[in-house]
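show me how the following folds:
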Amino acid sequence: MSDLIRIDYSGVFPFLKEAEIEATEEEVQIALRTLATGQGAGGEYTGWLRYPESMPASELRRMESLAEEVRAEADAFVVIGIGGSYLGARAVIEGLSHSFPSLLSPDRSKAPLVFFAGQNLSGSYLEELLEVLEDRSVYVNMISKSGTTTEPGLAFRVLREHLIERYGREGAAQRIISTTDAARGALRKVTDEEGYRSFVIPDDIGGRFSVLTPVGLFPIAVAGIRIDTLVEGAASMIEPCGRPGLFQNPAALYAATRNLLLEKGHSTEILVSYDPKLQYFAEWWKQLFGESEGKDGKGIFPASVLFTSDLHSMGQWIQEGRREIFETVIHMDEEDSTLQVPVDASGLEDGLAYLEGRTWPEIQDKAYEGTKMAHHQGEVPVLVLEAPTRNAFTVGQMILFFETACGISGYLLGVNPFNQPGVEAYKQNMFALLGKPGFEEKAAELQASSQDLSGGKLV
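Sure, this is the predicted structure:
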């Protein structure tokens, strides 16, 4: 068994031909070189490609040291951020932590409870979070390049006030850690004025590619996860994902295959996992590909399901709905559970006696194999990401693999994979409707336009 993740593309046949994949070799090589040299659109934001190798060891140690302090002092740790400022950290934390951390006894829990804020505009969410924090020792990590993004900015106002009321201004300053720009922006300004400890977001790495920088690594370290192992795992994939040969490079092969499937009309990709702990990894993956490729009227729509749960909800559609989908399945070779089906001596007639003595991983693996066969027979192309096991090293590999594949895929598609111009559209309207200074002209335009749907029509 390999200790590196690998891509199994056998499930794309007969929907694609091997010769069609081979024919993309030259185009893929151009995309790969464009990414590696930083010469393409958005190339100034490709610092993540080699960051796991180039990150100073002193920065890693500083994150680990401050994380130790937080774990020793805090009962609750609040990560404030939106999009790439929180999804990567949450993906790794939930992927590698206990499923029920809030219910662990204090002697078994080795880290504070991790909460997230600033990822929505729900007032009740923040109010309920404050209730939970009231009797706990709290630290906050505010993550924002500028400090002016609406959702995290508002959450930071509320939580900063909460800390000042409880600990005083100086005490609050010791409990707030910022992750922001090195020299510019509102968050950098308040960080310097108040004396917050801080980490820097590299200038050449965008939000959705930032999980392996202090943006993701510091919260992950606070959660008690070995960030050195995570980074080592990512670094181990740099060479394989940079190989020039299409069939020797798993990221290039994945990127080429998914774009060929798009050309054949498979416009929706469903990321499949059989492990509920990977649910937020799928959320991170959806932002990565959706925000990178969904522009200029192009892109594969990224969706996700959790099996076998969703086989009882979305399974019917996947099996027999419109044939415009393909699946990418994350399959772990080894599952860490040893739970076995108990022998029933009470005469329970549940029809499950044939499974007695078998382990949950064995049963899950047969569900995976059976589902893959059924969906393939139902004309769904299936790609499989084979991974050794769910641990920090493997998750680090998966992050670097998908990031690299996303960059290659974006260039194959003919878009800039590192910008997100469409994200501003809702903000412009929201600012105008809220009366933000400088948006008076936009407000007048909305008021006069039939596009203003804020009033709605009730039936």
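
what helix or strand is the most centrally placed residue in the chain on?
Most central in the chain under C-alpha atoms, centre = their mean is W284, positioned 1.8 Å from the mean C-alpha point. In this assignment (DSSP states H and E), W284 forms part of helix 279-293.

hmm, who's touching that helix?
Residues outside helix 279-293 that contact it (C-beta atoms under 8 Å, 6 or more residues apart in numbering) are 83-84, 87-88, 90-92, 94-95, 208-209, 211, 269, 271, 273, 299-304, 306, 330, 395, 398, 402-403, 406-407, 409-410, 413, 415, 417-418, 420, 423. (C-beta placed from N, C-alpha, C; glycine too.)

what about that helix, distance to the chain center?
In terms of C-alpha atoms, centre = their mean, to the nearest Å, the centre of helix 279-293 is set 6 Å apart from its chain centre.

how about stretch 241-249?
24 Å.

sort out for me which of the contacts of helix 279-293 are in helices.
Among the contacts of helix 279-293, DSSP state H puts 87-88, 90-92, 94-95, 395, 398, 402-403, 406-407, 409-410, 413 in helices.

pick the one among these closest to L16.
Of all the ones in helices among the contacts of helix 279-293, S409 has the smallest distance to L16: 15.5 Å, by C-beta to C-beta.

grab the nearest non-local neighbour of the closest one.
A255 (3.9 Å; C-beta to C-beta, 6 or more residues apart in numbering).

quick check: angle from the helix or strand encompassing that neighbour to helix 279-293?
Using DSSP H and E, A255 sits in helix 250-263. With axes from the mean of the first three to the mean of the last three C-alpha atoms, to 10 degrees defining the directions, helix 250-263 sits at 70 degrees from helix 279-293.

which other residues reach helix 250-263?
Contacts for helix 250-263 (C-beta under 8 Å, 6+ apart): 5-7, 9, 12, 15-16, 20-21, 24, 27-28, 31-32, 237, 240-241, 243, 246-247, 269, 300, 326, 328, 381, 383, 385, 401-402, 404-406, 408-409, 412-413.

which among those count as buried?
By neighbour count, with 16 or more other C-beta atoms under 10 Å, the contacts of helix 250-263 hold 5, 7, 9, 12, 15-16, 21, 24, 28, 31-32, 237, 240-241, 246, 269, 300, 326, 328, 381, 383, 385, 401-402, 404-406, 408-409, 412-413 as buried.

sort out for me which of those are in strands.
Using DSSP state E, the subset of the buried ones among the contacts of helix 250-263 located in strands is I7, Y9, E269, F326, T328, L383, L385.

show me what contacts the last one?
Shown in contact with L385 (C-beta under 8 Å, 6+ apart): I5, R6, I7, D8, Y254, T328, V329, I330, H331, M398, F401.

just those residues now: which is nearest G195?
Closest approach to G195 among the contacts of L385 (C-beta to C-beta): M398, at 37.4 Å.

surely the closest one meets E386?
No - between M398 and E386 there is no contact under C-beta atoms under 8 Å: 11.0 Å.

show me the shaky parts of the stretch 151-300 of the chain.
Along the stretch 151-300 of the chain, no part satisfies pLDDT under 70.

I figured D75 hits A111, correct?
No - contact criterion C-beta under 8 Å: D75 and A111 do not qualify, at 10.1 Å.

those two - which one has more neighbours?
When neighbours are counted by other C-beta atoms under 10 Å, D75 and A111 differ, and A111 comes out ahead with 20 against 14.

from S102, how far out is the more buried one?
For A111, the distance to S102 equals 12 Å [C-beta to C-beta, to the nearest Å].

cool, and F301?
Distance, F301 to S102, using C-beta to C-beta: 34 Å.

so between those two, which is more surrounded?
A direct count of neighbours by other C-beta under 10 Å for F301 and S102 places F301 higher, at 16 against 9.

show me which of the contacts of L385 is closest to G147.
Closest to G147 out of the contacts of L385 is M398 (30.5 Å), distances taken as C-beta to C-beta.

for that closest one, give me its contacts.
Going by C-beta under 8 Å, 6+ apart, M398 touches I5, F281, I330, L385, A387.

quick check, pLDDT for it.
Looking at M398, its pLDDT is 97.

if I look at it, how far off is I225?
Applying C-beta to C-beta, the value for M398 to I225 is 14 Å.

E424 too?
34 Å.

so which of these two has more stuff around it?
A direct count of neighbours by other C-beta under 10 Å for E424 and I225 places I225 higher, at 22 against 10.

can you tell me the SS state at that one?
coil (DSSP: H, G, I helix; E, B strand; the rest coil).

and for the nearest residue to it once chain neighbours are set aside, the neighbour number?
Sequence neighbours aside, L96 is the residue nearest to I225 in space, at 5.1 Å (criterion: C-beta to C-beta, 6+ apart). A total of 20 residues lie near L96 under the criterion other C-beta under 10 Å.

residues touching L96, list them.
The neighbourhood of L96, defined by C-beta under 8 Å, 6+ apart, consists of A223, I225, K277, R390, N391, A392, V395.

what's the angle from the helix holding W284 to helix 87-96?
Comparing the axes of helix 279-293 and helix 87-96 via the same axes, to 10 degrees yields an angle of 150 degrees.

for helix 279-293, C-alpha coordinates in PDB please.
Listed next in PDB are the C-alpha coordinates belonging to helix 279-293 (Å, rounded to 0.1, in the frame of the first residue of the first chain):
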ATOM      1  CA  GLN A 279     -18.100  16.800   5.700                       C
ATOM      2  CA  TYR A 280     -16.400  20.200   6.100                       C
ATOM      3  CA  PHE A 281     -13.500  19.000   3.900                       C
ATOM      4  CA  ALA A 282     -16.100  18.900   1.200                       C
ATOM      5  CA  GLU A 283     -17.200  22.400   2.000                       C
ATOM      6  CA  TRP A 284     -13.600  23.600   1.700                       C
ATOM      7  CA  TRP A 285     -13.300  21.700  -1.600                       C
ATOM      8  CA  LYS A 286     -16.500  23.300  -2.900                       C
ATOM      9  CA  GLN A 287     -15.200  26.800  -2.300                       C
ATOM     10  CA  LEU A 288     -11.800  25.900  -3.800                       C
ATOM     11  CA  PHE A 289     -13.300  24.800  -7.100                       C
ATOM     12  CA  GLY A 290     -16.400  26.900  -7.200                       C
ATOM     13  CA  GLU A 291     -14.700  30.200  -6.600                       C
ATOM     14  CA  SER A 292     -11.700  29.300  -8.800                       C
ATOM     15  CA  GLU A 293     -13.600  28.000 -11.900                       C
END
